[in-house]
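K.L.:
My questions are about this predicted structure, shown below with the sequence.
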Amino acid sequence: MSGLRRRAPAGPTTLRQDRDAPRRRLPMRFLLPLVLLLAMMAMLMLRGYVHSEILADHRVRPEAATDKVPQKILDGGPVIDTRSGRTTSLSVPDHRLVLTFDDGPDPTWTPKVLDVLKAHHAHAVFFVTGTMASRYPGLVERMVKEGHEVGLHTFNHPDLSYQSKSRIDWELSQNQLALEGAAGIRSSLFRPPYSSFADAMDDRSWPVTQYVGTRGYITVVNNTDSEDWQKPGVDEIIRRATPKGGKGAIVLMHDSGGDRHQTVQALAQFLPRLQAEGYEFQNLTEALDAPSANIPVTGVDLWKGRAWIFLVQASEKTTDVLVVGIAIIGVLVFTRFGMMLLLSALHARRVRRKDFRWGAAPVTEPVTVLVPAYNEAKCIENTVNSLMASEHPIEIIVIDDGSSDGTARIVEDMRLPNVRVVRQVNAGKPAALNRGLANASHAIVVMMDGDTVFEPATVRELVQPFADRRVGAVAGNAKVGNRQSLIGAWQHIEYVMGFNLDRRMYDLLRCMPTIPGAVGAFRRTALERVGGMSDDTLAEDTDITMALHRDGWRVVYAEDARAWTEAPESVQQLWSQRYRWCYGTMQAIWKHRRALIERGPSGRFGRIGLPLVSLFMVLAPLLAPLIDVFLLYGVVFGPTQRTIVAWLGVLTIQAVCAAYAFRLDKERMTHLISLPLQQILYRQLMYVVLLQSWITALTGGRLRWQKLRRTGVVGAAPGSVPGSVPGSVPGSVPGSVPGTEPIPPQPASHGGNERRPVG
């Protein structure tokens, strides 16, 4: 026992502290999505249950022996009473007809049947299923108000001879619950599904009839079958429904289950013809001179029924809304895919022409590269070295935003020409960029992140569009450098397919929403005119891009200005980054909303750019989960085959777009192997992130800047020389080889703790 220490018992003070300590509560931005998801699942499950897609049993028992059925039942009438141990049967008196309608109510045919009955002052019995009564309660209420009787036909219409006693009880109680909610009544009349004449009772169905009697129900079959479900023609339906010799009868018809126009037409002729022959069309209890089988309910039972109807109606409306939503997302997705494919092809064709020029002469003037850095010790040396290999003359300004890991010292110790370090107290990326802008020496300013490396030709390609005096900013081609992992490969697909095809599309439409923070260039005068970088939003790159559009500047895309950035390597880091992006984009859209009603360049961007960004980057991703919700629902509850085919069709279209995007960017297709898995897993994460961003905005939450943990995994751009040293001759380093993988990181000569968490 040596080496083990007993834990001292908690004293009163400790217990009080534990009791008084604040309990951790689930944040609203997590709680609300969870509640919404559970509510949606509950509504879909309820809808599936009410539509007989869940717990439905469509088996039908074949005929069996009849030796256990009393002979007086087989030879008796269509009304069978086994209550209180009795075994009796009744028949309808002569010249009395009880019309019975099964499987309703139906929104199309039941009102027509009711109209014909009302026109001829006839009553009938409607044996309704709980599913249909729950969905169309108004029709059940109308039946009762117009003097008809309503009976039970189970909830989901199963063959009860296959079911346990508990399932039979469930079918009856749920059927009653629907009647209570729809019309405020209970009924003692019951008709088994798939029933026929009394002489068709067999050893399988008779025990069910006996058991149902012990639950207080009278079983009603029929002795005249119109067989209207076969649609034999109006005259044939009338012939089959007419009893012989003036006898009374219970006539079987249907007001649901398909096209019943022949039934309605036959009924309109059948009623006056037999009334002229002296027949009366009555409820069952009227025909038997018995008390009504429909008993009003009050109190708790009534409110339980109403609550059930309310939930069913809510599930129906929820599903209707979801169907509209999936129609909208379908239109948006296919519209976006179509626009991306068409416009990106036009963009590539335009900028890749041999005679294409941005201006009369290429841009050769020196530019300033701003590198805002906060705790980038693992990456900053690779970043600066990649810039020193640039084929374009540059000055480099590293703005250290209050780093605590020696980032500034690492750059200073490199002692490189044309590299300056500007230090400031931690104030955020926009403030750091504005500080760098104030210290810049040149008219064109390139901005990059501290975890990004450039190819030797990146700056040169990035600044060429400034030969056009209308261009105020240029977006570069950001690529994922650490794509070896699965999550990196997924982001690589997203960058190439989503971001770069989008930028080509938006370039042609002249409404590009975002200059990527990893690689972008700006005309200094353009930045000064709009007030520099703003910290009003968490997406300062989107904010400044929209501001430039509104000021009348063109924003274009330079496909050959490649930059290799370190993407998040864990789900938590990816969540933090995309959460900030989504929330910041919504902030920027809201900030620039007045562009919708303004004139000039601002109005053009507001009426073209803002709607496209809102539809494709906010609304479409928000509604996109409906595709997966209906996929899961369809696979589980059907139609499974059509659902899978439809989903595979969408995936195929995405694969085509992705393959085309990879071809445009001269990327290897091998990474697309993970595309199906990306659609199943990665996309779901993006859905939740966007939903959380919406909830944060709607609940008035404030999201702070979330710094990603860097590893320095992106050592150098493909084709460049790792560890470039000062004094490299511009142009001496060969250009990048499209499609090659980033060179692994080189051992850094500086840096602190390898796994130090940052901001």
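P.N.:
Everything's here; your move.
K.L.:
Tell me which other helices or strands the lengthiest helix in the chain touches.
P.N.:
The residue-count maximum for a helix in the chain (DSSP state H) belongs to helix 299-351. Packed against helix 299-351 by the contact rule (3 or more Cβ pairs under 8 Å, 6 or more residues apart in numbering; DSSP states H and E) you find helix 28-50, helix 130-135, helix 165-183, helix 501-509, strand 554-565, helix 620-623, helix 625-637, helix 640-664. Every residue, glycine included, has its C-beta placed from N, CA and C.
K.L.:
deepest of these, which one?
P.N.:
helix 130-135 (a mean of 27; mean count of other Cβ atoms under 10 Å).
K.L.:
Check which element follows that one along the chain.
P.N.:
Next in sequence after helix 130-135, counting helices and strands by DSSP states H and E, comes helix 137-145.
K.L.:
List the buried residues in that next one.
P.N.:
For helix 137-145, the neighbour count (16 or more other Cβ atoms under 10 Å) marks P137, L139, V140, E141, R142, M143, V144 as buried.
K.L.:
same thing with stretch 147-155?
P.N.:
Of the residues in stretch 147-155, H148, E149, V150, G151, L152, H153, T154, F155 count as buried by neighbour count, 16+ other Cβ under 10 Å.
K.L.:
for the nearest residue to E141 once chain neighbours are set aside, what are its contacts?
P.N.:
Nearest non-adjacent residue to E141, counting by Cβ to Cβ, 6 or more residues apart in numbering: A183, 4.7 Å away. If you count contacts by Cβ atoms under 8 Å, 6 or more residues apart in numbering, A183 has them with P137, V140, E141, M143, V144, V150.
K.L.:
rerun at 7 Å
P.N.:
Contacts for A183 were tallied using Cβ atoms under 7 Å, 6 or more residues apart in numbering; they are V140, E141, V144, V150.
K.L.:
need the contact list for the first one.
P.N.:
This means V140. Going by Cβ under 7 Å, 6+ apart, the list of residues near V140 reads P105, V128, A133, V150, L179, A182, A183.
K.L.:
separation between the last one and E149?
P.N.:
When you say that, I think you mean A183. A183 sits 11 Å away from E149, taking Cβ to Cβ, to the nearest Å as the criterion.
K.L.:
just the first one next, same as before
P.N.:
Applying Cβ to Cβ, one obtains 14 Å for the distance of P105 from E149.
K.L.:
Then the fifth one?
P.N.:
Applying Cβ to Cβ, one obtains 11 Å for the distance of L179 from E149.
K.L.:
For this structure, list the residue farthest from the centre, please.
P.N.:
Within the chain, G245 marks the point farthest from the mean C-alpha position, 63.5 Å out by Cα atoms, centre = their mean.
K.L.:
Tell me the confidence at that one?
P.N.:
You'll see G245 listed with a pLDDT of 89.
K.L.:
Could you do L284 as well?
P.N.:
97.
K.L.:
and it, how many residues sit next to it?
P.N.:
25 (other Cβ atoms under 10 Å).
K.L.:
quick one: contacts for it?
P.N.:
When contacts are counted by Cβ under 7 Å, 6+ apart, L284 touches V98, V125, E149, L189, V220, A293.
K.L.:
swap in G184?
P.N.:
With Cβ under 7 Å, 6+ apart, G184 has these contacts: P296, V297, L302.
K.L.:
can you pick the most crowded of the residues you listed?
P.N.:
The most crowded member of the contacts of G184 is V297, carrying 19 neighbours; neighbours defined as other Cβ under 10 Å.
K.L.:
how close does it sit to W303?
P.N.:
Distance of V297 to W303, computed by Cβ to Cβ: 10 Å.
K.L.:
same check, this time on V571
P.N.:
As judged by Cβ to Cβ, V571 and W303 stand 46 Å apart.
K.L.:
As TSV, the contacts of V140 with distance to H442 would be great.
P.N.:
What follows is these, written out as TSV (distance: Cβ to Cβ, whole Å):
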residue	distance to H442
P105	78
V128	81
A133	77
V150	85
L179	82
A182	77
A183	81
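K.L.:
Looking at those residues, which one is closest to S485?
P.N.:
The closest of those to S485 turns out to be A133 (Cβ to Cβ; 55.3 Å).
K.L.:
And the closest residue to the closest one other than its chain neighbours, what's its pLDDT?
P.N.:
Distances taken as Cβ to Cβ, 6+ apart put A178 closest to A133, at 4.0 Å, once the chain neighbours are dropped. Looking at A178, its pLDDT reads 97.
K.L.:
OK, contacts around A178?
P.N.:
By Cβ under 7 Å, 6+ apart, the contact set of A178 is G130, A133, S134, W308.
K.L.:
The residues you listed into CSV, with extra columns for distance to V519 and pLDDT?
P.N.:
Shown next, in CSV, are the contacts of A178 (distance: Cβ to Cβ, whole Å; pLDDT from 0 to 100):
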residue, distance to V519, pLDDT
G130, 62, 96
A133, 63, 97
S134, 58, 97
W308, 59, 97
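K.L.:
Can you tell me which of the residues you listed is nearest I328?
P.N.:
S134 (27.8 Å).
K.L.:
distance of that closest one from R306?
P.N.:
The gap separating S134 from R306 is 12 Å, by Cβ to Cβ.
K.L.:
ditto for N223
P.N.:
For N223 relative to R306 (Cβ to Cβ), the value is 37 Å.
K.L.:
What of Y682?
P.N.:
As judged by Cβ to Cβ, Y682 and R306 stand 44 Å apart.
K.L.:
So the two - more neighbours on which side?
P.N.:
Neighbour tally, Y682 and R306, criterion other Cβ under 10 Å: the higher count belongs to Y682, 21 against 15.
K.L.:
Next, the contact list for the more buried one, please.
P.N.:
Contact partners of Y682, counting by Cβ under 7 Å, 6+ apart, are W490.
K.L.:
any idea how far it lies from L139?
P.N.:
47 Å.
K.L.:
Report the secondary structure state of the nearest residue to S403 once chain neighbours are set aside.
P.N.:
Closest residue to S403 apart from its sequence neighbours, by Cβ to Cβ, 6+ apart: N375 at 4.8 Å. Using DSSP: H, G, I helix; E, B strand; the rest coil, the structure places N375 in coil.
K.L.:
before we move on, what about the one 10 residues further on?
P.N.:
When the structure is reduced to helix, strand and coil (three-state DSSP), N385 reads as helix.
K.L.:
Just the helices from the stretch 151-300 of the chain, written as ranges.
P.N.:
Here the stretch 151-300 of the chain has its helices, by DSSP state H, counting those that start in this stretch, at 165-183, 205-214, 234-241, 261-276, 284-287, 299-351.
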